[in-house]
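Visitor: this one's sequence-less:
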């Protein structure tokens, strides 16, 4: 289905189907200022509300207001929930902060957290926040998946940590031994390292409160660095995005005033999204904390091996708002469809769902609507927007009434948007108190990230829903760095083309890389969705990309979908007539894919240049499917 068709179907459904569940929501009205050079400024009419100097002020507030309320919980080994209340988190944060202050840590010697989401990770994080010492959550994949530890080594060299935390010393032993300097303190929750001393987290928790703790906490201000978040961007090399206290606090007020239903009752969320990314680590932890909610850590993931844990958790905890990526919703669907009790638990008190990271396919959206109506009589709103690590991340938001895949809405209160003409598109830029001051120890990259007026340059393009009425919001129009010209000089808009290709080829395709720079026609390097492929051929072995790419049933099914895709082509810039089903995984070490699964188009094209040459030469080794 084309993006236009999907938009039309969803608009029609909104007009004729069951109503949306009513929820409190902010005012998206903006003023529009047009300049003679084509530049457009969008400014929200509603100003941003007041926000504190420190994100930990909310922890202090809720520890006094609702001390016994669960703030964070995770599964214990015996299957029960290990719960930490607001009062317990504050007490732990103060003790850990006292221990950290005694170690002389600073922005030049921050804390590195190599492990994934856990209550212990949260204890370290809030201890660091309370002490005013920056910490940096690092993707566990850099330590546990990478073959050469290249990104981990780079990050350690960039940040020069004074302390490293891991939950399990045994699991991270090789990464630490080969990359962490011998004089850097290692804090662990369990396990030991051969030939190297470790400090137990329990020792930090047993630290008496320091006499100067309150003064140190009071000294934390809006410009204090709270954390570093790593992002690869288009370069493949991690950049350390500075996250200040102002960014975190301002962005949460933007969230709270836009997703106003968060104020109606303390949110309860079940979440697996990684804390080393801004969506999970800033957006979701922050909105839980600021609104006095409860976060239950989901140890599952939207994968065949992880979905059972997610379902177990959803059988026990009924969320008030649910966050996931499109693949997560797709994986949940058959369970919600086949289990009445699970569906009642999931939709029973759900105010809204939210997705980011990619477009949500129409069939998934329709199915969730249908299941919601069957359960509650209304459609639970599905929300999304546009943001980045550099924006903390909330920047633009849809409304329940306008939401659809590909739509990003309008800037939220506190954020100004600037739209700049760029090769026939509108490039979006952002300015507000939630914008990063730059990249740590990378002044050259910082300078390139901002324009002359101080707007952060996303590198993304937007397209108005109505060219004559910008108040109706904007659709995502791709990343400008991915666009290129064919040999004829025709521009190829990769983002919309990629989205249409993935949607038409569902459920077989997880992502696609478009090739054709300076060529006469386009080609596609296809990353298969193995779960989707098994819907076509259930006999396929698990996690075997080579088997799936060579399977006749899969190749025939893909060819049928490629023919459908070509039927909607309008010219050389939208016509993909040859494709290769990749039989080897993308490499995190070569920067082809990030730990969260985002594909770096430029890196794939660079590292698979020989394959691309074979595709255009028509050689047998390419194993291309052509139409």
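Guide: Good, I have the coordinates. Just so you know, these numbers come straight off a predicted model, no measurement behind them.
Visitor: care to break this structure down by domain?
Guide: Per automatic domain parsing, the structural domains of the chain span 3-51+250-478, 85-220, 483-626.
Visitor: so which of those domains is nearest residue 231?
Guide: domain 3-51+250-478 (4.5 Å; Cβ to Cβ). C-beta coordinates here come from the backbone N, C-alpha and C atoms, glycine included.
Visitor: circling back to that earlier point, looking at the domains of the chain, which is nearest to residue 237?
Guide: When these are ranked by proximity to residue 237 (Cβ to Cβ), domain 85-220 comes first, at 6.4 Å.
Visitor: could the domains of the chain go into JSON lines alongside distance to residue 63, mean neighbour count and mean pLDDT?
Guide: Formatted as JSON lines, those follow (distance: least, Cβ to Cβ, whole Å; neighbours: other Cβ atoms under 10 Å; pLDDT from 0 to 100):
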{"stretch": "domain 3-51+250-478", "distance to residue 63": "10", "mean neighbour count": "19", "mean pLDDT": "93"}
{"stretch": "domain 85-220", "distance to residue 63": "4", "mean neighbour count": "19", "mean pLDDT": "97"}
{"stretch": "domain 483-626", "distance to residue 63": "32", "mean neighbour count": "18", "mean pLDDT": "91"}
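Visitor: to residue 64, which of those domains lies closest?
Guide: Proximity to residue 64 (Cβ to Cβ) singles out domain 85-220 among those, at 8.4 Å.
Visitor: measure the closest one end to end?
Guide: Domain 85-220 has an end-to-end distance of 24 Å (criterion: Cα to Cα, to the nearest Å).
Visitor: the helices in the stretch 401-550 of the chain, which residues?
Guide: Here the stretch 401-550 of the chain has its helices, by DSSP state H, counting those that start in this stretch, at 443-448, 494-504, 530-536, 545-550.
Visitor: how about the stretch 51-200 of the chain?
Guide: 56-65, 86-101, 119-131, 141-144, 150-159, 173-179.
Visitor: which strands and helices sit next to the fourth one?
Guide: In terms of contacts (3 or more Cβ pairs under 8 Å, 6 or more residues apart in numbering; DSSP states H and E), helix 141-144 is packed against helix 150-159, helix 173-179.
Visitor: any idea how far the longest one is from the chain center?
Guide: Distance of helix 150-159 from the chain centroid (Cα atoms, centre = their mean, to the nearest Å) equals 22 Å.
Visitor: what does stretch 94-105 contact?
Guide: Applying Cβ atoms under 8 Å, 6 or more residues apart in numbering, the contact partners of stretch 94-105 are 111, 123-124, 126-128, 130-131, 133, 162-163, 185, 203-210, 212-213, 216-217.
Visitor: for the domains of the chain, which one sits closest to residue 232?
Guide: Nearest of these (Cβ to Cβ): domain 483-626, 5.4 Å.
Visitor: distance check, the residue located most distally from the centre of the chain against residue 97.
Guide: Ranking residues of the chain by C-alpha distance from their mean position (Cα atoms, centre = their mean) puts residue 211 at the top, at 39.4 Å. Residue 211 sits at a distance of 13 Å from residue 97 (criterion: Cβ to Cβ, to the nearest Å).
Visitor: could the domains of the chain go into TSV alongside distance to residue 65?
Guide: Output for the domains of the chain, formatted as TSV (distance: least, Cβ to Cβ, whole Å):
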stretch	distance to residue 65
domain 3-51+250-478	7
domain 85-220	8
domain 483-626	34
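Visitor: which residues touch residue 626?
Guide: 577, 578, 579.
Visitor: quick one: which of these sit in helices?
Guide: Within the contacts of residue 626, no residue falls in helices by DSSP state H.
Visitor: nearest to residue 198 among the residues you listed?
Guide: Distances from residue 198 to the contacts of residue 626, taken by Cβ to Cβ, are shortest for residue 579, at 50.2 Å.
Visitor: what's across from the closest one in the sheet?
Guide: residue 524, residue 625 (DSSP bridges).
Visitor: which ones are touching it?
Guide: Contacts of residue 579 by Cβ under 8 Å, 6+ apart are 523, 524, 525, 526, 558, 562, 624, 625, 626.
Visitor: any idea how far residue 610 is from it?
Guide: 17 Å.
Visitor: pretty sure residue 159 sits against residue 114.
Guide: No. Contact criterion Cβ atoms under 8 Å: residue 159 and residue 114 do not qualify, at 11.9 Å.
Visitor: now stretch 196-209: how far from the chain's centre is it?
Guide: 32 Å.
Visitor: residues in contact with that stretch: which ones?
Guide: Contacts of stretch 196-209 (Cβ under 8 Å, 6+ apart): 92, 94-96, 98-100, 102, 120, 123-124, 127, 165, 169, 176-177, 182, 185-189, 191-192.
Visitor: list the contacts of the residue nearest to residue 21 when sequence neighbours are not counted.
Guide: Spatially, and ignoring its direct neighbours in sequence, residue 21 is nearest to residue 378 (4.2 Å; Cβ to Cβ, 6 or more residues apart in numbering). For residue 378, the contacting residues are 18, 19, 20, 21, 372, by Cβ under 8 Å, 6+ apart.
Visitor: if I look at residue 159 and residue 114, which residues touch both of them?
Guide: Contacts common to residue 159 and residue 114, judged by Cβ under 8 Å, 6+ apart, are absent.
Visitor: my guess is residue 382 contacts residue 365. True?
Guide: Yes. Using Cβ under 8 Å, residue 382 is in contact with residue 365, at 6.4 Å.
Visitor: need the overlap of contacts for the two.
Guide: Joint contacts of residue 382 and residue 365 (Cβ under 8 Å, 6+ apart) do not exist.
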